[in-house]
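In: Predicted model and sequence follow; I will ask about them next.
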Amino acid sequence: MKKTVNIVVFALLLLIFGSFMVTFQVRQDEVAFVETNGQTGEPINEPGLKFKLPWPFGKVYRFDKRIHVVTTPYGQGATKDGGSLVTQVYFGWKIKDGQARKFMDSLEGDSSEKLMEHAQEKLMGIVGGAKEEVIGAKADSIGKFIFKSGNESEAVSGLDFELLENEMLAKAKPTALENYGVEIQFIGIRRVGVAKENLDVVLDSMVKQHISKKHKHFRGGDGGDDGGRVSRPSQTSPHHAGMTYPVRVPPPSL
């Protein structure tokens, strides 16, 4: 009797562990591919329990179909007057419905994670190129891009950032879709700033502007005085970004 019980338990364990080798689960928000003997099958969009050959004959790739939000590194570009402008953007992307095959075939990697990393690398290049093209066409000077109406006393751009973002999206979206089956749903400007080599020039201009305003107040009878002192903004950006100002906060991945 005891021997029979042991055999039954062993058979059940073998069945359970064996099922893990030949089955896998697809979630509602996933698309999956099964690779059998080096050949990738059609995309699996329907959720539920699916079957595959055991390793090493069968391999599963899973991709999240929800929106992924990526923040790019700081990028440095030249303004029309020769200054250096630092910008950082974020964007949201997802695998477009019906384009999972193109996504799978256009990227390189031996795992789902590697393929996703390759996708984000390619998309950052596309978005970065669109950003440089759009901002390069609009950035006449550092002052006019970062400060309102060229007034260095206000760290608020007079440019329409939403318009710039829409222009970037219009340039990047078709390329991402055509090349990788990916839909870029939005692009946002996260931070803009001044490169280190231009930081002293901009801050000196801010100091002069501030002192000039104070002198006007003095002549008008304003008794307040701070001695013409101006506190420099904190410099917590990467080594090439001397001073940056936040524009928008990227949303979390959906």
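Out: Received, thanks.

In: what's around Met116, how many residues?
Out: 19 (other Cβ atoms under 10 Å). Bear in mind the C-beta positions are built from the backbone N, C-alpha and C, glycine included.

In: isn't it right up against Lys65?
Out: No - contact criterion Cβ atoms under 8 Å: Met116 and Lys65 do not qualify, at 12.0 Å.

In: what's across from Gln76 in the sheet?
Out: Judged by DSSP bridges, the bridge partners of Gln76 are Val86.

In: Go ahead and confirm it touches Val86.
Out: Yes - taking Cβ under 8 Å as the definition, Gln76 is a contact partner of Val86 at 5.4 Å.

In: quick one: which of these two has more around it?
Out: Ranked by neighbour count (other Cβ under 10 Å), Gln76 and Val86 place Val86 first, with 25 against 16.

In: Quick check: that one touching Pro73?
Out: No - with contacts counted by Cβ under 8 Å, Val86 stays clear of Pro73, the gap being 10.5 Å.

In: Check which residues of stretch 86-104 are buried.
Out: Neighbour-count burial for stretch 86-104 flags 86-96, 99-100, 102-104 (criterion: 16 or more other Cβ atoms under 10 Å).

In: Among these, which one sits closest to Val127?
Out: Closest approach to Val127 among the buried residues of stretch 86-104 (Cβ to Cβ): Phe91, at 5.1 Å.

In: residues in contact with that closest one?
Out: 69-70, 72, 123, 127, 172, 184, 186-188 (Cβ atoms under 8 Å, 6 or more residues apart in numbering).

In: at 7 Å instead, please
Out: Phe91 is in contact with 70, 127, 184, 186-187, counting by Cβ atoms under 7 Å, 6 or more residues apart in numbering.

In: Could you identify the helix or strand that succeeds the helix or strand harbouring it?
Out: Per DSSP states H and E, Phe91 falls inside strand 84-95. As assigned by DSSP H and E, the chain's next helix or strand after strand 84-95 is helix 100-106.

In: Counting by contacts, list what the helix or strand that that next one is followed by packs against.
Out: Using DSSP H and E, the helix or strand that follows helix 100-106 in sequence is helix 112-138. Counting contacts by 3 or more Cβ pairs under 7 Å, 6 or more residues apart in numbering; DSSP states H and E, helix 112-138 is packed against strand 58-64, strand 68-71, strand 75-78, strand 84-95, helix 161-180, strand 182-195.

In: can you give me the angle helix 112-138 makes with strand 182-195?
Out: Put simply, helix 112-138 runs at 50 degrees to strand 182-195, going by axes from the mean of the first three to the mean of the last three Cα atoms, to 10 degrees.

In: Start at 18, not 1
Out: All set: I'll call the first residue 18, so the last point we hit is now helix 129-155.

In: Could you list the buried residues of helix 129-155?
Out: Buried residues in helix 129-155 (16+ other Cβ under 10 Å): 129, 132-133, 136-137, 139-141, 143-145, 147-149, 151-152.

In: tell me the two of these that are most distant?
Out: Within those, Ser129 and Ile152 form the most distant pair, 33.8 Å apart (Cβ to Cβ).
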